[in-house]
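In: predicted model and sequence below, questions to follow.
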Amino acid sequence: MTQVAEQTETLRRTGATVLALGASELLGKVATFLTVLVMARLLGVADFGLLSFGLSLGLLLSVLSGLGLDARLIQLGSARPELLDRCYGGLVGIRLVLASAVLAATAAVLFATMAPHEAEIVALLVASCLLDTVTDASRAACAARQRQQLSALVLVLQRFSVLVLCGGMLLATRSAVDGAVGYLLGTAVGVLGMQAAARRAGARMRVRGSRAEVRLVLRAAPVTGLGDIAAMGVFRIDAALIGVMLGTTAVGIYGAGYRVFESILFVSWTLSRAYVPVIASRPDDRRHIRTWAERGLVVACAVYLPYGVVIALRGDDLVALLFGDQYVHPGVLLGLAAAPLLFGVTHVCASVLLALRPDPVVLVASVLALAVNIGMNVLLVPRWGITAAAVATTTAFLVESVVLGVALTRVAGRFCRLRPLLALVPGTVVAGVVVELVADVALALPAGAGAFLLVWAAASRVLDPVLFGNVVALLRNRPRGAGMMGA
């Protein structure tokens, strides 16, 4: 196979993976969002705040058992396929041991510091998040094999299992404890399904004889683990600090707005799961790295730039529509309006750097962002409330994106061309106008999305016709060749 034919096949396969993962992540996000809505609607603000606190704490603690080693498994399994089975088995073993230790320590603290009823709810949700790290290991094994279609289907199955089991129990009993039990059971369905998907993709989990591979995987933990702890802290520390300083009711109100911001971030996970294995398979090809970094950046900006404008203009209306008027707090989504775009830049840069090696700059950027977030929360939240927490999160992403953008430029060269990004501006402006003019927010969002796509297509055809043609070809799963998006 010629180099051009090989690159074309890689684009075709990656395009199919993006579409499959994008559809599954979207459906999974819908299921997760519906689960949150069911919790908010069937429980009071205080109980919903407690569940939000439990999930935020669980996601923070899951980093301690995850250690960010999914990226290491993909890196090793893509570059050296013969190591994948034992690295996969070793990673699952690592996570089971660490998850058990974290859960035991957390439960002891919870029951010592909280009412038993509240501690039980939080502990169940923490257990769910820790268990989900085993699912992530299986998904990483599928990614290393570049066979992710079945794992995408299993992800949807897991999310809807959580919705059905958690929502069903809440409908039957209106008990937050029963809802947490349903959440845990739905997560367990995903663990079993994702292991089956990994096996179907050709990854056989081998725990015996994997001691050398365990050491090889853990070698990245100081960078990926601490980096993931800091990165998750940027995401979740605000909810924990709000709970301590303002109470769980404030967490519930902040959590509703935060969910609107967070609901779109699946685009980044989808992109990275598709292109990171491709980058990791050719870590010494500077041009190849730069090309895929640019592709990820353009797509991320095309999604997050208009979405940030939408939540700045109509975010409060969206919260009222989805959660109810009692969850609206003017200023939260305005403070988070730039966060999606900044997160997108951050995630693209970090994913590319970690696809090459456990780069310490990712850890440095995450720790710096976490320090900024904590410092701003502690100083500003007592005075200006939860709006200050939103501004702190956005500022933290800004700091992280700058550090990682500079680092990736040094590794791969200039990966950000002006023309593709300029084509997004008129579409974003028109989308903002449409969203502001249409009174019904449920109609305004699809109208704004349609306006953006039409104007972006027209602007892109003028400013960068090669990019436009290749994007259309990719969406049709027929890439035109290796020159796509500035190759």
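Out: All right, it came through fine. Being a predicted model, the structure only gives us computed values, none of them experimental. Numbering: from 1, shown residues only.

In: any idea which element the nearest residue to residue 212 once chain neighbours are set aside lies in?
Out: Excluding its sequence neighbours, the residue lying closest to residue 212 (CB to CB, 6 or more residues apart in numbering) is residue 86, at 7.8 Å. Placement of C-beta: from N, CA and C, glycine included. Element membership of residue 86, judged by DSSP states H and E, is helix 84-113.

In: now do that helix: distance to the chain's middle.
Out: Centroid separation between helix 84-113 and its chain, computed with CA atoms, centre = their mean, to the nearest Å, is 21 Å.

In: please apply the same query to stretch 72-80.
Out: 20 Å.

In: mind listing what's buried in that stretch?
Out: 72, 73, 74, 75, 76, 77, 78, 79 (16 or more other CB atoms under 10 Å).

In: what of stretch 77-93?
Out: 77-79, 83-93.

In: next: stretch 398-416.
Out: Result for stretch 398-416 [16+ other CB under 10 Å]: buried residues 398-405, 407-408, 411-412, 415-416.

In: repeat that for stretch 383-400.
Out: Going by 16+ other CB under 10 Å, stretch 383-400 has these buried residues: 385-400.

In: and if you look at stretch 30-46?
Out: 30-40, 42-43, 45.

In: rounded mean pLDDT for stretch 322-333, please.
Out: Averaged across stretch 322-333, pLDDT comes to 83.

In: before we move on, what about stretch 139-154?
Out: 81.

In: end-to-end on that stretch?
Out: 10 Å (CA to CA, to the nearest Å).

In: contacts for that stretch?
Out: 13, 16-17, 20-21, 23-25, 70-71, 73-74, 76-78, 81, 84, 88, 91, 138, 155, 190, 193-194, 196-198, 200-203, 205, 273-274, 276-278 (CB atoms under 8 Å, 6 or more residues apart in numbering).

In: could you do stretch 73-93 as well?
Out: By CB under 8 Å, 6+ apart, stretch 73-93 touches 69-70, 134, 137-138, 140-141, 143-146, 198, 203-214, 216-217, 220, 276-277, 280-281, 283, 354-357.

In: which one is residue 60 nearest to, not counting chain neighbours?
Out: Nearest one to residue 60, counting by CB to CB, 6+ apart, is residue 236 at 4.7 Å.

In: OK, contacts around the one you found?
Out: Residue 236 sits in contact with 56, 57, 59, 60, where contact means CB under 8 Å, 6+ apart.

In: kindly recompute the last result at 7 Å.
Out: Going by CB atoms under 7 Å, 6 or more residues apart in numbering, residue 236 touches 56, 59, 60.

In: same question, residue 99
Out: 65, 130, 131, 133.

In: which of those sits closest to residue 340?
Out: Within the contacts of residue 99, the smallest distance to residue 340 is 24.9 Å, found for residue 133 (CB to CB).

In: now do the buried residues in the helix or strand where that closest one lies.
Out: Element membership of residue 133 [criterion: DSSP H and E] is helix 116-144. Residues of helix 116-144 classed as buried by neighbour count (16+ other CB under 10 Å): 118-144.

In: likewise for stretch 168-188?
Out: 169-170, 175-176, 178-188.

In: just the C-alphas of it, formatted as PDB.
Out: Written as PDB, here are the backbone C-alpha positions of stretch 168-188 (Å, rounded to 0.1, in the frame of the first residue of the first chain):
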ATOM      1  CA  GLY A 168     -36.900   3.700  37.900                       C
ATOM      2  CA  MET A 169     -36.000   3.400  41.600                       C
ATOM      3  CA  LEU A 170     -36.500   7.200  42.100                       C
ATOM      4  CA  LEU A 171     -39.900   7.000  40.500                       C
ATOM      5  CA  ALA A 172     -40.900   4.000  42.600                       C
ATOM      6  CA  THR A 173     -39.600   5.300  46.000                       C
ATOM      7  CA  ARG A 174     -38.500   8.900  45.700                       C
ATOM      8  CA  SER A 175     -35.500   7.900  47.800                       C
ATOM      9  CA  ALA A 176     -32.100   9.300  47.100                       C
ATOM     10  CA  VAL A 177     -30.500   6.100  48.500                       C
ATOM     11  CA  ASP A 178     -32.400   3.900  46.100                       C
ATOM     12  CA  GLY A 179     -31.500   6.200  43.300                       C
ATOM     13  CA  ALA A 180     -27.800   5.800  44.200                       C
ATOM     14  CA  VAL A 181     -28.200   2.000  44.200                       C
ATOM     15  CA  GLY A 182     -29.700   2.100  40.700                       C
ATOM     16  CA  TYR A 183     -26.800   4.300  39.600                       C
ATOM     17  CA  LEU A 184     -24.300   1.700  40.900                       C
ATOM     18  CA  LEU A 185     -26.100  -1.200  39.200                       C
ATOM     19  CA  GLY A 186     -26.200   0.600  35.900                       C
ATOM     20  CA  THR A 187     -22.500   1.300  36.100                       C
ATOM     21  CA  ALA A 188     -21.900  -2.500  36.700                       C
END
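
In: show me what that stretch is in contact with.
Out: Contacts for stretch 168-188 (CB under 7 Å, 6+ apart): 38-39, 42-43, 47, 50-51, 54, 120-121, 124-125, 127-128, 131-132, 158, 161-162, 165-166.

In: from the chain's centre, how far out does that stretch sit?
Out: 24 Å.

In: if we can go back for a sec, please spell out the ChimeraX selection for the buried subset of the contacts of stretch 73-93.
Out: In ChimeraX, this line selects whichever of the contacts of stretch 73-93 come out buried by 16+ other CB under 10 Å:
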select :69,70,134,137,138,140,141,143,144,145,146,198,203,205,206,207,210,213,214,216,217,220,276,277,280,281,354,355,356
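
In: picking up where we left off before, just the closest of the buried residues of stretch 168-188 to residue 247, please.
Out: With CB to CB as the yardstick, the closest approach to residue 247 among the buried residues of stretch 168-188 comes from residue 176, at 16.4 Å.

In: check the gap between that closest one and residue 51 for me.
Out: Applying CB to CB, to the nearest Å, the value for residue 176 to residue 51 is 6 Å.

In: the helix or strand following the helix holding residue 133 to helix 116-144, inter-axis angle?
Out: Sequence-wise, the next helix or strand beyond helix 116-144 is helix 149-173, with elements assigned using DSSP H and E. Helix 149-173 and helix 116-144 are oriented at 160 degrees to each other (axes from the mean of the first three to the mean of the last three CA atoms, to 10 degrees).

In: and the buried residues of stretch 30-46 as CSV, adding pLDDT and secondary structure?
Out: Output for these, formatted as CSV (pLDDT from 0 to 100; DSSP: H, G, I helix; E, B strand; the rest coil):
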residue, pLDDT, secondary structure
30, 80, helix
31, 82, helix
32, 77, helix
33, 76, helix
34, 83, helix
35, 82, helix
36, 78, helix
37, 79, helix
38, 79, helix
39, 79, helix
40, 77, helix
42, 79, helix
43, 77, coil
45, 72, helix
